[in-house]
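Student: could you look at this predicted model? Sequence included:
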Amino acid sequence: MSRRLGVRIRPLLALCLGLGLCLVVCDAPLRAAGGSAATVSAENLKAAFLLNFMRFTDWPPATNGEFSVLGVVGDRSLEDAIFALADSQTVHERRLRVVRVRSVRDAIECHLVFFGSSSTSIGDPTPATAEILAALAGRPVLTVGDEPGFLALGGMVNLYREGEKLRFEIAPDAVGAGGLVMSSRLLALARIARKPVVAQP
């Protein structure tokens, strides 16, 4: 059963999604889930970012299917926010499907996998972030996280806070290795993380 967002955050979230990567969302302040009608919760803001990452990324034709699949590792509150949007959103003219990632196999079947900062917990058998990222290396799965060091583990996109604002950084080398192509509009808004160049002797 789909779980629904509170009514008061819907107008701002719809605005964020409708504007796409003109990204008013980049400058939207983060607030707790009980924030005022003029603000949006951190979970719903992240959900808007993830949908826009999918919309502004192209996957190889072999990955096309009936659904655009967005997987979530560990972050139940974000999963709730995305589930609430799934019925009404499409990505690349395909219906959006949201799944809980419990295994490497689940992750491989996604278009995007988000790793929450609480991606492991007591009693949760989900493989560790590093294990899943290693299995996805070179595959056409966009990997997004929200904690320091995520890109160093092989992730492609990382969300981070700058004051009260949510920003993102991209590792283009990892994105390209997976056969994905990101819009220049998306790259222009990101902090770019490059692998250090090793000087040849």
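Tutor: In hand now; what should we look at?

Student: find the residue at the geometric middle of this protein.
Tutor: With distances taken as C-alpha atoms, centre = their mean, the residue of the chain nearest its centroid is L50 (3.6 Å).

Student: can you count the residues close to G155?
Tutor: Using other C-beta atoms under 10 Å, G155 has 27 other residues around it. Every residue, glycine included, has its C-beta placed from N, CA and C.

Student: who are the contact partners of it?
Tutor: Going by C-beta atoms under 8 Å, 6 or more residues apart in numbering, G155 touches F115, L133, T143, V144, G145, A171, A174.

Student: any idea how far it lies from V113?
Tutor: To V113, G155 is 9 Å away according to C-beta to C-beta, to the nearest Å.

Student: Provide the secondary structure category for L153.
Tutor: coil (DSSP: H, G, I helix; E, B strand; the rest coil).

Student: isn't it right up against I132?
Tutor: No. Contact criterion C-beta atoms under 8 Å: L153 and I132 do not qualify, at 9.6 Å.

Student: more neighbours: those two, which one.
Tutor: I132 (26 against 19).

Student: show me what contacts the more buried one?
Tutor: I132 makes contact with V73, V101, V104, A107, V113, F115, according to C-beta under 8 Å, 6+ apart.

Student: please produce TSV containing the residues you listed, extended by secondary structure, distance to P127 and pLDDT.
Tutor: Listed next are these as TSV, based on DSSP: H, G, I helix; E, B strand; the rest coil; distance: C-beta to C-beta, whole Å; pLDDT from 0 to 100:
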residue	secondary structure	distance to P127	pLDDT
V73	strand	9	90
V101	coil	9	91
V104	helix	6	94
A107	helix	8	96
V113	strand	12	96
F115	strand	11	93
